[in-house]
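Colleague: give the three-dimensional model of this entry:
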Amino acid sequence: MTVTTRVKLSTMMFLEFFIWGAWFVTMGTYLGKTLNATGVQNGNAYATQSWGAIIAPFVIGLIADRFFSAQKVLGILHLTGAALLYYITTQTNFEGFFPIIFAYMVVYMPTLALVNSVSFRQMQNPSKEFPPIRVFGTLGWIIAGLVIGWLGWEQSNSLVLTFKMAAAASLILGLLSFTLPATPPAKKGQKASLGDILGLDSLGLLKNRSYLTFFLASVAICVPLAFYYNFTNPFLNEVGMKAAAGVQSLGQVSEFLFMALMPLFFVRLGVKKMLAVGMLAWVIRYIFFAYGNVESNYWMLIAGIVMHGICYDFFFVTGQIYTDNLAGEKFKSAAQGFITLATYGVGMLMGSYISGPVVDKYKLTETSHNWTSIWLIPAAIAGVVFLLFIIFFKDTNQIQTKPGLDIEEPGLGRADI
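Modeller: Residues are numbered from 1 along each chain as shown. Purely as a prediction, here's the structure:
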């Protein structure tokens, strides 16, 4: 790979996740403070991510994989996204905001797979060449949060600027995409089946009782995950944390550090213990949030944020590697697509629709909530999932990992082995 190509791909990754981190973390606060949205409306807005994840395989499978070069599709989607993000800043109520954010997520979510496709096609050894490029994506998300915190947009009620910042970055990435190396459709001329697009060819894995337990636990654990994504920033701002978006970026720093340490944990722990520790961390995190405050228990808030690395890496990343090992060569891609669809599609969708009514139920005044009761609910859900998993999951084998393995963050989005 030439230096020019490496720089372009690194910039692409940085902008891809800078765009997402620029508005996603603080959208709940923006909706509540600027558009006077309810908890239900907030949950509905975040549910658009899940709908985008459900629709994304069709965009990739029917268009990018078969008809047009990936870098061109990426460019068109980001230019369209830039227009939508800017237009959304003109909306003064949730009714006008919602259909635009829905359209934007349908446009954005496919780009998570496209940036990987463009990257991998330029590499001779992706396991070694991809991590140094992908890390710029995590850096982009962190920088976005730090910029918002440094400029004080949360305290000054100026979060509309986050969408304008994201629109500008999306415009730049859209234009940059057309200069990226050519990435022609990999399945040009092949017929597309529903099973191929949605990864249904991997359904045979569910015949394995332990994998079925893991699969159901993955979907269920995404319900408390939605509470974290949707309401952590409004919660932190409401309890008085300064530069909350910037502080939240510690979660991505933690994720990066634990990702580097995971091979050591794999050697000492089996699959079951890795997954169990990840789920138990969810319980502890929400208990910290329930009883944390900016006075005597400020450390609990920070600890809850920093635990994101354990919560995400130990469960989701371990699960993706477990899936990869169990699927075999023939069904690796299908299995990864299917588990991503089930978690970030179905699981997060349920979580978004559950979390909103819960937050509204415990609303005390126009500007305050009973956050202790709110956070104990996802803690209880995660606790039940943890106990059922411990009882029914029997696979204690060690996972054989590959040197240089890199797994993409979802953040919060999608994953590739």
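
Colleague: what's in contact with stretch 371-382?
Modeller: Contacts with stretch 371-382, where a contact means C-beta atoms under 8 Å, 6 or more residues apart in numbering, come from 220-221, 223-224, 227-228, 231, 235, 238-239, 279, 282-283, 286-287, 289-291, 355, 358-359, 362. Where C-beta positions appear, they are placed from N, C-alpha and C, glycine not excepted.

Colleague: quick check: buried residues in that stretch?
Modeller: With burial defined by 16 or more other C-beta atoms under 10 Å, the residues of stretch 371-382 counted as buried are Trp371, Ile374, Trp375, Leu376, Ile377, Pro378, Ala379, Ile381, Ala382.

Colleague: what is the burial count for Ala47?
Modeller: With neighbours defined by other C-beta atoms under 10 Å, the count for Ala47 comes to 22.

Colleague: ignore what I typed, I meant Ala290.
Modeller: 19.

Colleague: now do it, the pLDDT please.
Modeller: pLDDT, Ala290: 96.

Colleague: residues touching it, list them.
Modeller: Contacts of Ala290 by C-beta under 8 Å, 6+ apart are Trp371, Thr372, Ser373, Ile374, Trp375, Leu376, Ala379.

Colleague: can you put those residues in a markdown table and add distance to Tyr211 and pLDDT?
Modeller: Formatted as a markdown table, these follow (distance: C-beta to C-beta, whole Å; pLDDT from 0 to 100):
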| residue | distance to Tyr211 | pLDDT |
| --- | --- | --- |
| Trp371 | 36 | 96 |
| Thr372 | 36 | 96 |
| Ser373 | 35 | 96 |
| Ile374 | 33 | 96 |
| Trp375 | 31 | 97 |
| Leu376 | 31 | 97 |
| Ala379 | 26 | 96 |
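
Colleague: so where's the protein shaky on pLDDT?
Modeller: By pLDDT under 70, the weakly predicted segments of the chain are 59-67, 126-127, 185-202, 324, 327-337, 395-417.

Colleague: in it, which helix is the longest?
Modeller: Taking DSSP state H as the criterion, the chain has its longest helix at helix 209-238.

Colleague: which residue ranges of the chain form strands?
Modeller: 363-365, 368-369 (DSSP state E).

Colleague: what strands flank the last one, and is each parallel or antiparallel?
Modeller: With DSSP bridges as the test, strand 368-369 is paired with strand 363-365 (antiparallel).

Colleague: buried stuff in the strand it pairs with?
Modeller: Under 16+ other C-beta under 10 Å, strand 363-365 has no buried positions.

Colleague: what about the longest helix of the chain, distance to the chain center?
Modeller: Centre-to-centre, helix 209-238 and its host chain are 11 Å apart (C-alpha atoms, centre = their mean, to the nearest Å).

Colleague: residues in contact with the nearest residue to Gly251 once chain neighbours are set aside?
Modeller: Spatial nearest neighbour of Gly251, chain neighbours left out: His308 (3.3 Å); criterion: C-beta to C-beta, 6 or more residues apart in numbering. Counting by C-beta under 8 Å, 6+ apart, His308 touches Tyr228, Leu250, Gly251, Gln252, Ser254, Glu255, Arg285.

Colleague: list just the nearest of the residues you listed to Ile142.
Modeller: Nearest to Ile142 among these: Gln252, at 5.0 Å, using C-beta to C-beta.

Colleague: surely that closest one touches Ile142?
Modeller: Yes. Using C-beta atoms under 8 Å, Gln252 makes contact with Ile142 at a distance of 5.0 Å.

Colleague: who has more neighbours, the two?
Modeller: Neighbours were counted for Gln252 and for Ile142 using other C-beta under 10 Å; Gln252 has more, 27 against 22.
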